[in-house]
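Enquirer: Mind folding the following:
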Amino acid sequence: MNGTGGKLPASIITGFLGAGKTTLIRRLLEGAEGRRLAILVNEFGTLGIDGELLKDCGIEGCAEDTIIELTNGCICCTVAEDFLPSMEKLLNLPLPPEHILIETSGLALPKPLIKAFQWPTIRPRVTVDGVIAVLDAEAVAEGRFAPDPQALLRQRAADAALLHDNPLAEVYEDQLQAADLVVLNKIDRIDTETLPRLMREIAAKLPRAVKILPTRHGAVDPRVLLGLHAAAEADLAARPSHHDGLDAEHDHDDFESFVVELEEVESLEALAERMQRLAEAHDILRMKGFVAVRSKQARGLVQGVGRRIRYYFDRPWQAGEARASRIVVIGLTGLDRAAITAALRH
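Expert: Prediction:
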């Protein structure tokens, strides 16, 4: 598949924590129809859960040498150190990809990443085919990203997580304003009356005409997502950002992450219940990890977004593989690490 002017196309898939970006990419792989897709996965934290999920997906095209994890912080803050060398590695493969998918962390601002495609070694060879913003319909409908202080005050009584300034609002708006396509995911979690209102509210935040695509479980035809031909790196003026005009790149002092290592657990259900109580008691945005369950030969997977926890067994433990249990915890700065760690372990 050729990009604009014969350049290799790359799609940037952005969106808030837990919106469904990895699920969307898995569906893209499933519908690749023989096209060579490469993936850059940017994790916030030290344990690459999403990259592991993609490598273990069992789908043709999930070749390990075409999936690169960037775990040293936000991709938009480490462009020169991590992103550019990784792009050059993919471009110089003996059989280079036909399309590159870049999954940003939920904390990433897309505009600095789009600017990176103007780098002299990248610009002649690659174009940003499109920026795809994936939204969690239920979370957005509940007003979790509202930048209006009055709106936040109205939410305080119902949600203790909003008893602080919400730095996520700017991240959310920057992701929307950079988008060429908005995937409004998980619409099965909202009612039919909410959907039209939500789409109007999202459209009001978009700086230009951008399609909003409602969906469930990331089920979008690859032909819709790939081949947008946006050439976003040449269209930066149409993508405003809260950080335009700032000399220094943004940082993520508002966020922190850490890994909790566990012994084998008795049951995934009991662990999920503990995670749910923790999410209610602390400013935890996301928890995810692989878990060894006593007496089970399959590896457990737990993923939490706020108070919503999913868990299941994803595959058997492989011969010689350490039955390690690790949970990544991501939240606003000031997490009580000791209390969270103790609660997860007991």
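Enquirer: going forward, measure contacts between C-alpha atoms and count neighbours the same way
Expert: Fine.
Enquirer: Is Thr23 within a helix or a strand, and which one?
Expert: In this structure, Thr23 sits in helix 21-30 according to DSSP states H and E.
Enquirer: Return the distance of that helix from the chain's centre.
Expert: A distance of 12 Å separates the C-alpha centroid of helix 21-30 from that of its chain, computed with CA atoms, centre = their mean, to the nearest Å.
Enquirer: Quick one: mean pLDDT over the next helix-or-strand element following that helix.
Expert: Counting by DSSP H and E, the next helix or strand C-terminal to helix 21-30 is strand 37-42. The pLDDT scores in strand 37-42 average 82.
Enquirer: Skip the chain neighbours and tell me the closest residue to Lys186.
Expert: If you skip the residues right next to it in sequence, Lys186 has Arg216 as its closest partner in space, 4.7 Å away by CA to CA, 6 or more residues apart in numbering.
Enquirer: how about stretch 272-285: buried residues?
Expert: Using 16 or more other CA atoms under 10 Å as the burial criterion, the residues of stretch 272-285 that qualify are Ala272, Arg274, Met275, Gln276, Leu278, Ala279, His282, Asp283, Ile284, Leu285.
Enquirer: distance between that stretch and the chain's centre?
Expert: Distance, stretch centre to chain centre, for stretch 272-285: 20 Å (CA atoms, centre = their mean).
Enquirer: and what of stretch 30-37?
Expert: On the basis of CA atoms, centre = their mean, the separation between the geometric centre of stretch 30-37 and that of its chain is 21 Å.
Enquirer: Now do the buried residues in it.
Expert: In terms of neighbour count (16+ other CA under 10 Å), stretch 30-37 has its buried residues at Glu30, Ala32, Arg36, Leu37.
Enquirer: Quick one: distance of the helix or strand hosting Ala204 to the chain centre.
Expert: Taking DSSP H and E as the definition, one finds Ala204 inside helix 194-205. When distances are taken as CA atoms, centre = their mean, helix 194-205 is centred 21 Å away from the chain's centroid.
Enquirer: Select, from the buried residues of stretch 30-37, the two members most distant in space.
Expert: By the measure CA to CA, Glu30 and Arg36 form the most distant pair in the buried residues of stretch 30-37, at 11.7 Å.
Enquirer: What segments of this protein are helices?
Expert: 21-30, 49-55, 84-91, 110-116, 137-141, 149-156, 168-177, 194-205, 222-225, 268-281, 337-345 (DSSP state H).
Enquirer: do you know which of those lies nearest Ala238?
Expert: When the helices of the chain are ranked by distance to Ala238, counting by CA to CA, first place goes to helix 168-177 at 8.4 Å.
Enquirer: thinking again about what came up before, and which of the buried residues of stretch 30-37 is nearest Arg294?
Expert: For the buried residues of stretch 30-37, the minimum distance to Arg294 (CA to CA) is 32.6 Å, reached by Glu30.
Enquirer: Can you check the pLDDT for the closest one?
Expert: Looking at Glu30, its pLDDT is 82.
Enquirer: do you know how far it is from Leu90?
Expert: According to CA to CA, to the nearest Å, Glu30 and Leu90 sit 20 Å apart.
Enquirer: Next: Pro110.
Expert: 20 Å.
Enquirer: These two: which has the busier surroundings?
Expert: Between Pro110 and Leu90, counting by other CA atoms under 10 Å, Pro110 is the more crowded of the two (28 against 20).
Enquirer: quick one, what contacts the closest residue to that one other than its chain neighbours?
Expert: Counting by CA to CA, 6+ apart, the nearest residue to Pro110 once its immediate chain neighbours are dropped is Gln175, at 6.0 Å. For Gln175, the contact set (CA atoms under 8 Å, 6 or more residues apart in numbering) comprises Thr14, Gly15, Leu109, Pro110, Ala133.
Enquirer: what about 10 Å?
Expert: 13-16, 106-111, 131-135, 169, 182, 206, 239-241 (CA atoms under 10 Å, 6 or more residues apart in numbering).
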